[in-house]
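**Student:** this is a predicted model, with the sequence first.
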Amino acid sequence: KISDFDILNADGESYTENLLNDTGFTFIILSPKVKSKVHSIEEERIDTIYKLDTTVIKLKNRDSVSVKLVNAGTEKKMIKRNQYEWDADFVNIIKDKMLPLIDSVKGNTIKAAIILGGLTEEGIRNLKFECKIDFPSYEADDLLIKTIMRSNPGLLLLKDGRIIHKWHYKQLPKVDELRM
């Protein structure tokens with residue numbers, strides 16, 4: 001029994017029950033620890049400031065109110081963000097091996113998702129952009145992911161909440177082996 005089995009979406013809401021109760025096929029890319037280097041950087045941003053300009057015109061029978069959004073200028077701000085350097089081999093495994101395999105069978109009856117451990121929401125968005133992932137992403141505890149899949153990354157096929165098959169990234173099936 002895994003007591004802390006919880007998969008979260010970007011809003012921090014549990015997606016576990018949805019995943020386990022889904023009656024269709026779902027391919028899931030699992031990675032307990034995404035290989036990357038993270039650097040904190042400061043960037044200057046220009047923020048536009050707006051104000052509301054309200055005009056009230058008093059008439060005999062009724063008042064007329066006009067509200068306009070007026071540009072009040074700009075302000076420079078320094079923001080901190082993380083800059084990610086993704087491990088090239090890790091990215092290539094996902095982009096060149098896993099995604100084409102999933103895309104070849106994904107459709108109305110077959111879904112896809114990626115579950116990652118050890119990344120912030122910002123990191124997950126950045127990785128999805130870097131790898132051109134167009135399906136939902138979730139986060140989970142890295143120990144939970146390692147319990148399910150030892151490979152990093154690995155590919156999992158679920159149906160009716162049950163594991164149908166697991167593949168190490170070095171032993172992925174051919175497309176014709178996956179026709180369902």
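**Tutor:** That came through, no problem. Residues are numbered from 1 along each chain as shown.

**Student:** whichever strand or helix holds Leu20 - contacts with which helices or strands?
**Tutor:** Using DSSP states H and E, Leu20 maps to helix 16-21. Helix 16-21 sits against no helix or strand, with contacts defined as 3 or more C-beta pairs under 8 Å, 6 or more residues apart in numbering; DSSP states H and E. (C-beta placed from N, C-alpha, C; glycine too.)

**Student:** what are the contacting residues of it?
**Tutor:** Helix 16-21 has contacts (C-beta atoms under 8 Å, 6 or more residues apart in numbering) with Phe5, Asp6, Ile7, Thr26, Ala113, Leu158, Gly161.

**Student:** chain center to it, what's the gap?
**Tutor:** Averaging C-alpha positions (C-alpha atoms, centre = their mean, to the nearest Å) puts helix 16-21 17 Å from its chain's average.

**Student:** now for the contacts of helix 16-21, which pair is the farthest apart?
**Tutor:** Asp6 and Thr26 (17.1 Å; C-beta to C-beta).

**Student:** list the contacts for the most centrally placed residue in the chain?
**Tutor:** Centroid-nearest residue in the chain: Ser137, 3.6 Å away (criterion: C-alpha atoms, centre = their mean). By C-beta under 8 Å, 6+ apart, the contact list for Ser137 reads Ala10, Ala113, Ile114, Ile115, Leu116, Ile124, Lys128.

**Student:** okay, and the last one sits in which element?
**Tutor:** Going back to what we said before, that points to Lys128. Assigned by DSSP H and E, Lys128 falls in helix 121-131.

**Student:** tell me what Leu52 is bridged to.
**Tutor:** Beta-bridge partners for Leu52, by DSSP bridges, are Leu69.

**Student:** tell me where this protein has helices.
**Tutor:** Secondary structure of the chain (DSSP state H): helices at 16-21, 88-92, 99-105, 121-131, 142-148.
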